[in-house]
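Undergrad: here is the input, now give the coordinates:
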Amino acid sequence: MTLSDGTVARLLQRETEVFAGRFEIVGEAGAGGMGAVYKAVDGETGDLVALKVLRLDTASDGLERFRREATILERLEHPAIVRYVAHGANDEGEPWLAMEWLRARRRARPRRGASRSQARQHRPRRRERP
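TA: Numbering: from 1, shown residues only. Purely as a prediction, here's the structure:
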């Protein structure tokens with residue numbers, strides 16, 4: 001099960017593709033049971049974003065959870081939480097959520113249950129520019 005054929009074809013074309021009238025897709029970052037995440041450039045700001053796109057055939061509880069995630073993230077602002085950019089649905093009705101793009105770290109995050117001193121030694125995430 002995947003995103004609609006039209007969406008996948010448009011997102012993975014080699015030529016520039018603008019998603020939801022705003023985001024230029026750079027490439028796919030990952031995919032799972034409910035949808036896919038793309039690395040994209042925000043046409044309004046020029047910033048890199050992670051664009052999460054939910055499959056249309058996702059169960060209603062998954063769709064509600066996705067909407068809740070978007071509205072909660074929109075209200076939160078904290079250095080330890082990924083920054084909200086925007087959310088909505090494309091012309092085919094697929095819900096999407098755009099968040100700041102975070103470059104992967106070179107060392108792993110502290111494990112759950114790590115001591116506070118171990119957690120303090122951990123460096124903050126770096127924001128990547130296009």
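Undergrad: so where do the helices sit in the chain?
TA: Taking DSSP state H as the criterion, the chain contains helices spanning 5-11, 60-75, 116-120.
Undergrad: can you list the buried residues in the longest one?
TA: What it means is helix 60-75. 63, 66, 70, 73 (16 or more other C-beta atoms under 10 Å). From N, CA and C alone the C-beta is placed, and that goes for glycine too.
Undergrad: from those, pick the one nearest E28.
TA: Lowest distance from E28 to the buried residues of helix 60-75 (C-beta to C-beta) belongs to F66, with 18.3 Å.
Undergrad: dump the residue contacts of the closest one.
TA: 34, 54, 58, 95, 97 (C-beta atoms under 8 Å, 6 or more residues apart in numbering).
Undergrad: which two from the residues you listed end up farthest apart in space?
TA: Put simply, by C-beta to C-beta the two of the contacts of F66 set farthest apart are T58 and L97, 13.0 Å from each other.
Undergrad: neighbour count winner among those two?
TA: L97 (24 against 18; other C-beta atoms under 10 Å).
Undergrad: and stretch 51-61, how far apart are its ends?
TA: Terminal residues of stretch 51-61 lie 21 Å apart, using C-alpha to C-alpha, to the nearest Å.
Undergrad: before we move on, the earlier item: which among the buried residues of helix 60-75 gets closest to A104?
TA: Using C-beta to C-beta, L73 comes nearest to A104 of the buried residues of helix 60-75, at 20.2 Å.
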